[in-house]
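> sequence and computational prediction follow.
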Amino acid sequence: MDLELVTEVLAPEPAYRTRQVWDWAARGAKSYGEMTNLSVGLREQLEERVPFSTLELIHEAKSVDGTMKALFHTSDGHPVEAVLMPFRDGRRSVCLSSQSGCPLTCTFCATGQMQFRRNLTAWEILDQALHFRRLEPIDHVVFMGMGEPMLNFDAAITAARRLPDVGVTPRRTTISTVGWLPGLRRFVDEVEEPIRLALSLHAPTDALRSELMPVNDRYPLDEVIAECLRYYELRRRKVFVEYVMLAGVNDSLDHARGLAQLLDPKIFKVNMIPYNPTGMFAGSSRETMAHFKDALHKSGFSPTLRLTRGRDIAAACGQLAATSA
Ligand code: SAH
């Protein structure tokens, strides 16, 4: 819901009216009709002039594991995908997109293969969460869908700052980045809320990382890691490291040792991610992943292996590419 437009329409009204509308939407209201503390006249005006969502739902798929993927279109026709992951322990985590497509071209990621369309507005980001909030309460959000949030810093942060109203505290909000330094620096300097930072690392050396992620040529590892250290100093929250396991590419014991040299286990928490097929690579075998994990363990890390969710509906990490359109 475009709250700027709501504010415009409600301009003759007392200022708290916009807040009332937002509170209803954030708690999962399905229409203006439900907003009973607004007069019927106001509700009708809103209905006429402000679309209830900035996004149109085009397609929805449900995985055998309960994961749901929604494909939306923006009002100018650009595809956006978001994912809801229900976990056995009761957590409901939503994965949001910050851009339609992505201008970065990480070799293993499907989103990088599609054309970049544009940055999403804060409202387009929030409407993905509200879509799922209308189905059930949600309590975690990860900015790990399409796009690079640090390339769309203002909208991503504006959206993240409104998530507590939707039921998701900053501590349960994670922003994932390739290490796009201009945005990452602002994140460290300007965002005082304890929003979690995740770094898509995927390689322990500049040479290998540049091969996998061209953005590394622009913002090399030492500068990105330095920014993560600054985040830790200021926020005292560990940085999550995402490491996608590519067979024969970045999954040897040498690579594990390289990681252990690069990262301080007191500051970084490594999350190994099984590769979700996107065409270019093969995923590491279970044994290889187990050895890699052991090696990190011996170096003082407590690595985790990410559960793969929604692979059957192409909703898993790196698979969002709006193909179900
Ligand atoms: N651009 C941001 C936000 C997207 S997060 C970032 O890269 O951090 C999506 C995560 O899924 C990233 O860690 C990304 O590297 C990872 N990913 C991309 N393709 C993948 C694949 N095929 N299998 C598993 N993970 C993948």
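In hand now; what should we look at?
> from now on I want contacts and neighbour counts done on CA atoms only, so please keep to that.
Will do.
> give the contact list for the closest residue to residue 139 other than its chain neighbours.
Nearest in space to residue 139, with sequence neighbours left out and distances taken as Cα to Cα, 6 or more residues apart in numbering, is residue 168 at 4.8 Å. With contacts defined as Cα atoms under 8 Å, 6 or more residues apart in numbering, residue 168 is in contact with 138, 139, 140, 141.
> who wins for neighbours among those residues?
With neighbours set by other Cα atoms under 10 Å, the maximum within those is found at residue 141, which has 26 neighbours.
> what about that residue, which helix or strand?
Mapping residue 141 onto the secondary structure by DSSP states H and E places it in strand 140-143.
> equivalent analysis for residue 197, please.
When secondary structure is defined by DSSP H and E, residue 197 falls within strand 196-200.
> go on, residue 156?
Secondary structure assignment for residue 156, by DSSP H and E: helix 153-166.
> which parts of stretch 189-205 are buried?
For stretch 189-205, the buried set under the neighbour-count rule, 16 or more other Cα atoms under 10 Å, comprises 194, 195, 196, 197, 198, 199, 200, 201, 202, 203, 204, 205.
> the ligand: which of those residues is nearest?
Among the buried residues of stretch 189-205, residue 200 lies closest to the ligand (Cα to the nearest ligand atom), at 4.4 Å.
> from the protein, which residue is nearest to the ligand?
When scored by Cα to the nearest ligand atom, the chain has residue 318 as its residue closest to the ligand, at 3.0 Å.
> ranges for the helices of the chain?
For the chain, the helices defined by DSSP state H cover 3-9, 16-26, 40-49, 122-133, 153-166, 181-190, 206-212, 215-218, 221-235, 253-262, 286-298.
> hey, which of these is tucked in deepest?
The highest mean neighbour count among those belongs to helix 122-133 (a mean of 24), with neighbours defined as mean count of other Cα atoms under 10 Å.
> now it: how far from the chain's centre is it?
12 Å (Cα atoms, centre = their mean, to the nearest Å).
> let's number from 181 now, not from 1
Yep, numbering from 181; the last one is helix 302-313 now.
> that one and the ligand in contact?
No: Helix 302-313 is not in contact with the ligand by Cα under 6 Å from any ligand atom; minimum separation 13.3 Å.
> picking that back up, need the contact partners of the strand holding residue 321.
Residues contacting strand 320-323 (Cα under 8 Å, 6+ apart): 271-278, 329, 348-349, 352-356.
> repeat for stretch 298-314
181-183, 205-210, 233-235, 254, 262, 264, 274, 276-281, 318, 332, 334-339, 343, 346.
> for the closest residue to residue 471 other than its chain neighbours, list the residues it contacts.
Setting aside the residues directly before and after it, residue 471 is nearest to residue 433 in space (Cα to Cα, 6+ apart), at 7.4 Å. With contacts taken as Cα under 8 Å, 6+ apart, residue 433 has the following neighbours: 471, 472, 475.
> how many other residues sit next to residue 277?
Using other Cα under 10 Å, the number of residues around residue 277 comes to 28.
> next: residue 192.
Counted by other Cα under 10 Å, the residues lying close to residue 192 total 8.
> and the pLDDT at it?
For residue 192, the pLDDT comes out at 94.
> what do you get for the one 5 residues further on?
Here, the pLDDT recorded for residue 197 equals 97.
> cool, the one 3 residues further on as well?
For residue 200, the pLDDT comes out at 97.
> roughly how far apart are the residue lying closest to residue 238 once chain neighbours are set aside and residue 380?
Take residue 238 and drop its neighbours on the chain: the residue closest to it by Cα to Cα, 6+ apart is residue 252, 5.1 Å away. Noted for residue 252: a distance of 25 Å to residue 380, by Cα to Cα, to the nearest Å.
> and residue 217, by the same measure?
Distance check for residue 217 against residue 380: by Cα to Cα, it reads 45 Å.
> before we move on, what about residue 303?
Here the criterion is Cα to Cα. By it, residue 303 lies 25 Å from residue 380.
> try residue 466
In this view, residue 466 and residue 380 are 21 Å apart by Cα to Cα.
> which bits of the stretch 231-380 of the chain sit near the ligand?
Of all the residues in the stretch 231-380 of the chain, those lying near the ligand are 288, 289, 324, 325, 326, 327, 328, 356, 357, 358, 379, 380, going by Cα under 6 Å from any ligand atom.
> next, format those as a markdown table and append pLDDT and distance to residue 225.
Conversion of these to a markdown table gives the following (pLDDT from 0 to 100; distance: Cα to Cα, whole Å):
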| residue | pLDDT | distance to residue 225 |
| --- | --- | --- |
| 288 | 95 | 47 |
| 289 | 93 | 43 |
| 324 | 96 | 36 |
| 325 | 96 | 34 |
| 326 | 96 | 34 |
| 327 | 97 | 34 |
| 328 | 98 | 36 |
| 356 | 98 | 39 |
| 357 | 98 | 40 |
| 358 | 98 | 43 |
| 379 | 98 | 44 |
| 380 | 98 | 45 |
